[in-house]
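S.K.: The following comprises the amino acid sequence and a computationally predicted model.
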Amino acid sequence: QVQLVESGGGLVQTGGSLRLSCTVTKRASAIYNMGWFRQAPGKEREFLAAINWIGSTTTYTDSVKGRFTTSRDNAKNTLILQMNSLKPEDTAVYFCAAALPSPYTSDSPDKYNYWGQGTQVTVSS
């Protein structure tokens with residue numbers, strides 16, 4: 001069983017930065033494509049970013065392009081989401097997710113097989 005554990009959420013002012021980490025607790029975690037999603041109260045889960053298994057390809061949704069960066073360290077089984085220039089509308093619970101091996105990353109939650117418990121990010125105005 002693959003387990004994902006997020007950390008790094010918290011309260012930050014508008015324009016500030018946060019760095020989220022996601023640790024994958026299973027050997028061979030390097031073979032999974034990984035993604036970041038968020039969900040605000042009353043809204044659907046929203047795709048943010050994805051990274052392929054070797055970290056050579058990343059994709060982002062338009063609303064976070066230029067502000068968020070995802071990376072991975074397979075030796076440490078860790079996925080990172082660096083978030084800069086945060087806005088109040090970025091307030092949500094943030095999730096990391098892992099998808100079984102595939103040539104392509106995906107922006108659909110249905111394509112991800114394992115999820116973390118989520119970490120709250122709150123951006124004050």
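M.R.: It's in. Residues are numbered from 1 along each chain as shown.

S.K.: what about residue 40, how many neighbours?
M.R.: If you count neighbours by other Cβ atoms under 10 Å, residue 40 ends up with 14. For every residue, glycine as well, the C-beta is placed using N, CA and C.

S.K.: got it, and the one 3 residues further on?
M.R.: Applying the criterion other Cβ under 10 Å, we find 9 residues in the vicinity of residue 43.

S.K.: contacts for the one helix or strand residue 6 maps to?
M.R.: Using DSSP states H and E, the secondary-structure element containing residue 6 is strand 4-7. Contacts made with strand 4-7 from outside it, assessed by Cβ atoms under 8 Å, 6 or more residues apart in numbering, are listed as 20-25, 94-98, 114-119.

S.K.: how about 7 Å then?
M.R.: With Cβ atoms under 7 Å, 6 or more residues apart in numbering as the contact definition, strand 4-7 has outside contacts at 20-25, 94-96, 98, 114-119.
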